[in-house]
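Trainee: Here is my input, please return the structure:
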Amino acid sequence: MSMFNFLSYGFMQRAVIAGSFIAALCAVLGVFLVLRRLSLIGDGLAHVTFGSLAIGLFFNTTPLYVALPLVVLSSLGIMKLTEAQHIFGDAAIGIVSALGIAIGVLLVSVTKGFNIDLFSYLFGNILAISKTEVAMSIALSAAVIIVVALFYQDLVAVTFDEECAQAEGINTKAVNKALVILTAVTVMLAMKVVGIMLVSALLILPTVTALQIAKGFKMTILVAVIAAVVSVWIGIMLSFFLDWPSGATIVLVSFVLLVCAFSYRKIR
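Mentor: Sure, this is the predicted structure:
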């Protein structure tokens, strides 16, 4: 089989299309999260996603329909803990994360083990993505990117100097809430690509890669998007030909790109 014949398969086409949109979305939001030192929020919400999916499977309903609103509410809960209870951001993420994983483990224990669906959500299986999931991924990715584009200036202002942005009349609380909600939606989408356990890597690695070689904020976003999409493409191809788990392969490729970026910066 030639190198590009694998795209003749429908499931591969679906994986590449959905993976590209989700990778680009993760890269865009990842830049804002990393620069604001909120990169671990992806990991925290991923743990909440685990608990939410376990609830959906426990009640024998479509897991995504249960998980999406619960993860969004959890992201707002993190903001509420940070603002109202004067808890540091990383501590608030840890509290919500611990609660989510505890609920998930408890429900998995009650149901006597891992359901195969939950296992695929944990470690990712983009090669098994359905047409409905592709359509939902494209629609939600496009919606999130449009929101980011509309509020780009406010997001940039809050990212670099929140106090100054507030003094200029920007509603920083609304911007922060929008950012965590967008992150929650992104985590939900990315779990099918790399899995719940690795979702934070797709938010962090492309951004850190871009920060090594890009100059300027917009260029950083562009390079991060390219790095994320390339990681997904190569990862999907390698997982198909070598029979490797897709999520882990994508993350490893992304890490290799990061090492190359570090080397390029050192040489330059």
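Trainee: Could I have the CA atoms of the helix or strand Ala190 falls within written out in PDB?
Mentor: According to DSSP states H and E, Ala190 maps onto helix 172-194. Backbone C-alpha positions of helix 172-194 (Å, rounded to 0.1, in the frame of the first residue of the first chain) are rendered in PDB as follows:
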ATOM      1  CA  THR A 172     -12.400  40.500  32.600                       C
ATOM      2  CA  LYS A 173     -14.700  38.200  34.500                       C
ATOM      3  CA  ALA A 174     -16.800  37.600  31.400                       C
ATOM      4  CA  VAL A 175     -13.700  37.000  29.300                       C
ATOM      5  CA  ASN A 176     -12.300  34.500  31.900                       C
ATOM      6  CA  LYS A 177     -15.600  32.600  32.000                       C
ATOM      7  CA  ALA A 178     -15.800  32.500  28.200                       C
ATOM      8  CA  LEU A 179     -12.200  31.100  28.100                       C
ATOM      9  CA  VAL A 180     -12.900  28.300  30.600                       C
ATOM     10  CA  ILE A 181     -16.200  27.400  28.800                       C
ATOM     11  CA  LEU A 182     -14.400  27.200  25.500                       C
ATOM     12  CA  THR A 183     -11.700  25.100  27.100                       C
ATOM     13  CA  ALA A 184     -14.400  22.700  28.500                       C
ATOM     14  CA  VAL A 185     -15.900  22.300  25.000                       C
ATOM     15  CA  THR A 186     -12.400  21.700  23.500                       C
ATOM     16  CA  VAL A 187     -11.500  19.100  26.100                       C
ATOM     17  CA  MET A 188     -14.700  17.200  25.200                       C
ATOM     18  CA  LEU A 189     -13.800  17.300  21.600                       C
ATOM     19  CA  ALA A 190     -10.100  16.400  22.000                       C
ATOM     20  CA  MET A 191     -10.800  13.300  24.200                       C
ATOM     21  CA  LYS A 192     -11.800  11.400  21.000                       C
ATOM     22  CA  VAL A 193      -8.500  12.300  19.400                       C
ATOM     23  CA  VAL A 194      -6.000  11.600  22.200                       C
END
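Trainee: Quick one: mean pLDDT over it.
Mentor: Mean pLDDT, computed over helix 172-194, is 82.
Trainee: elements contacting it?
Mentor: When contacts are defined as 3 or more C-beta pairs under 8 Å, 6 or more residues apart in numbering; DSSP states H and E, helix 172-194 sits against helix 10-35, helix 40-58, helix 63-84, helix 131-150, helix 152-160, helix 162-167, helix 199-213, helix 246-267. Just so you know, the C-beta spots here come from the backbone N, C-alpha and C atoms, and that holds for glycine as well.
Trainee: Many thanks, have a good one.
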